[in-house]
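**Student:** The following comprises the amino acid sequence and a computationally predicted model.
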Amino acid sequence: MTSRPARDGKLPLTELAAMVEREERIVMVTAYDFPSARLADAAGMDIVLVGDSAAMTVLGHSSTVPATMDEMLMLTRAVSRGAQRPLVVADMPFGSFQVSDEEALRNAIRFVKEAGADAVKLEGAGPSLSRVLALVGAGIPVMGHIGLTPQSATMLGGFKAQGKTAAKARRLLEDAVALEDAGCFSLVLEAVPAPVAARIGERLTIPTIGIGSGPDCDGQVLVLHDVLGLYEGRSPRFARRYADLATEIRGALERFAGEVRSGAFPTDEHTYAMPEEELAAFLGTTGSRAGSRTEA
């Protein structure tokens with residue numbers, strides 16, 4: 001296993017392109033809270049994405065669409081406190097950027113100013129291009145996202161791979177180039193056929209981050225809950241479990257419940273004592289309530 005050398009301070013945004021030049025793979029993980037962000041930092045992640053997938057993985061919704069600005073701001077604040085060295089990228093939730101450039105800019109500023117994000121991520125191209133131009137023009141770094149875009153999955157025919165015909169693959173390539181021209185510093189390619197993702201990477205000068213898009217992307221991203229085996233819903237084909245913590249956690253909780261019910265927990269080592277004379281004085285001045293368990 002290879003690990004990233006220790007780094008002092010926040011990863012500069014410009015370092016991503018330098019990593020590509022050195023043929024170093026970029027590693028991004030999606031996380032949603034302070035302890036997860038600290039672990040991602042300690043493990044040497046380059047980028048932590050606060051994804052709107054939180055709507056599904058931690059808030060219990062069936063899609064990413066219900067995630068709100070207030071929820072995403074809260075989660076991003078928590079991650080920003082824990083991720084001291086990786087770049088923190090905040091996902092702009094559905095409804096936060098679709099209305100207008102002005103609304104997109106207002107919400108992106110909140111992510112940077114109130115939540116400590118280093119950058120934001122927008123899904124799609126087309127109308128999103130003017131949003132990217134507005135945000136980058138205001139000094140806010142933007143990560144693009146094409147292919148399977150969960151916020152518009154219904155229009156795409158569901159959660160399925162995109163760009164599987166020559167015409168649709170060409171459209172993805174055109175969108176990728178347009179997003180780079182608009183000022184995106186990197187691009188997420190989700191559920192794109194590997195040869196298409198490879199060709200897109202060849203045409204771009206910015207890094208590509210793949211998720212279900214093959215090994216030729218400049219980096220890879222997975223959701224923390226998929227990596228750790230915490231999410232027990234239906235996982236996408238591209239997700240890979242590196243642990244099965246859901247089973248471990250369930251077992252630990254079952255053991256805790258069993259020991260409480262049997263009286264095995266807590267023991268003396270888990271409780272606090274007081275001086276005998278103080279205890280006697282306390283008991284002597286406090287009577288038991290009539291019918292209490294002490295008198296039963």
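**Tutor:** Nice, I can see it.

**Student:** Can you report phi and psi for V142?
**Tutor:** Dihedral pair for V142: phi -130, psi 130, per degrees, to the nearest 10.

**Student:** Which pLDDT value does the model give the nearest residue to N107 once chain neighbours are set aside?
**Tutor:** Spatial nearest neighbour of N107, chain neighbours left out: S96 (4.4 Å); criterion: Cβ to Cβ, 6 or more residues apart in numbering. Glycine gets a C-beta too; all of them are placed from N, C-alpha and C. Listed pLDDT for S96 reads 96.

**Student:** cool, and A55?
**Tutor:** With respect to pLDDT, A55 has a value of 94.

**Student:** Which elements pack onto the one helix or strand it maps to?
**Tutor:** Assessed by DSSP states H and E, A55 sits inside helix 54-57. Using 3 or more Cβ pairs under 8 Å, 6 or more residues apart in numbering; DSSP states H and E as the contact test, the elements touching helix 54-57 are helix 69-82.

**Student:** Quick check: the gap between L16 and G144.
**Tutor:** 13 Å (Cβ to Cβ, to the nearest Å).

**Student:** Please identify every residue contacting each of these two.
**Tutor:** Contact criterion Cβ atoms under 8 Å, 6 or more residues apart in numbering; residues shared by L16 and G144: S186.

**Student:** Tell me which of these two has more neighbours.
**Tutor:** G144 (28 against 23; other Cβ atoms under 10 Å).

**Student:** Can you name the residues that contact the more buried one?
**Tutor:** Neighbours of G144 in contact, by Cβ under 8 Å, 6+ apart: 121-122, 125, 128, 132, 176, 179-180, 184, 186-188.

**Student:** what would these look like in JSON lines with neighbour count and distance to V29?
**Tutor:** Formatted as JSON lines, the contacts of G144 follow (neighbours: other Cβ atoms under 10 Å; distance: Cβ to Cβ, whole Å):
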{"residue": "K121", "neighbour count": "24", "distance to V29": "14"}
{"residue": "L122", "neighbour count": "26", "distance to V29": "19"}
{"residue": "A125", "neighbour count": "23", "distance to V29": "25"}
{"residue": "S128", "neighbour count": "25", "distance to V29": "24"}
{"residue": "V132", "neighbour count": "26", "distance to V29": "24"}
{"residue": "A176", "neighbour count": "27", "distance to V29": "23"}
{"residue": "L179", "neighbour count": "25", "distance to V29": "22"}
{"residue": "E180", "neighbour count": "19", "distance to V29": "24"}
{"residue": "C184", "neighbour count": "28", "distance to V29": "20"}
{"residue": "S186", "neighbour count": "29", "distance to V29": "15"}
{"residue": "L187", "neighbour count": "28", "distance to V29": "17"}
{"residue": "V188", "neighbour count": "27", "distance to V29": "13"}
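
**Student:** what are the ranges of the helices in this protein?
**Tutor:** 15-21, 34-42, 54-57, 69-82, 101-113, 128-137, 166-182, 194-203, 224-227, 245-262, 276-285 (DSSP state H).

**Student:** how about those helices, which one is nearest G210?
**Tutor:** Set against G210 and scored by Cβ to Cβ, the helices of the chain come closest in helix 194-203, at 5.9 Å.

**Student:** That closest one versus helix 166-182: what angle between them?
**Tutor:** Interaxial angle, helix 194-203 versus helix 166-182 (axes from the mean of the first three to the mean of the last three Cα atoms, to 10 degrees): 30 degrees.

**Student:** And the helices of the chain: which comes nearest L148?
**Tutor:** helix 166-182 (10.6 Å).

**Student:** Pull out the buried positions in that closest one.
**Tutor:** Within helix 166-182, the residues scored as buried using 16 or more other Cβ atoms under 10 Å are 169, 172-173, 175-176, 178-180, 182.

**Student:** Check stretch 62-80 too.
**Tutor:** 63-67, 71-80.

**Student:** I'd like to know which of these is nearest to G116.
**Tutor:** Closest to G116, out of all of the buried residues of stretch 62-80 and judged by Cβ to Cβ, is S80, at 3.3 Å.

**Student:** Please tell me how far the closest residue to the closest one other than its chain neighbours sits from R110.
**Tutor:** Once flanking residues are discounted, S80 sits nearest to G116: 3.3 Å by Cβ to Cβ, 6+ apart. Here G116 is placed at a distance of 11 Å from R110 (Cβ to Cβ).

**Student:** neighbour count winner among those two?
**Tutor:** Taking other Cβ under 10 Å, G116 and R110 do not tie; R110 has more neighbours (19 against 16).

**Student:** No further queries at this time; thank you.
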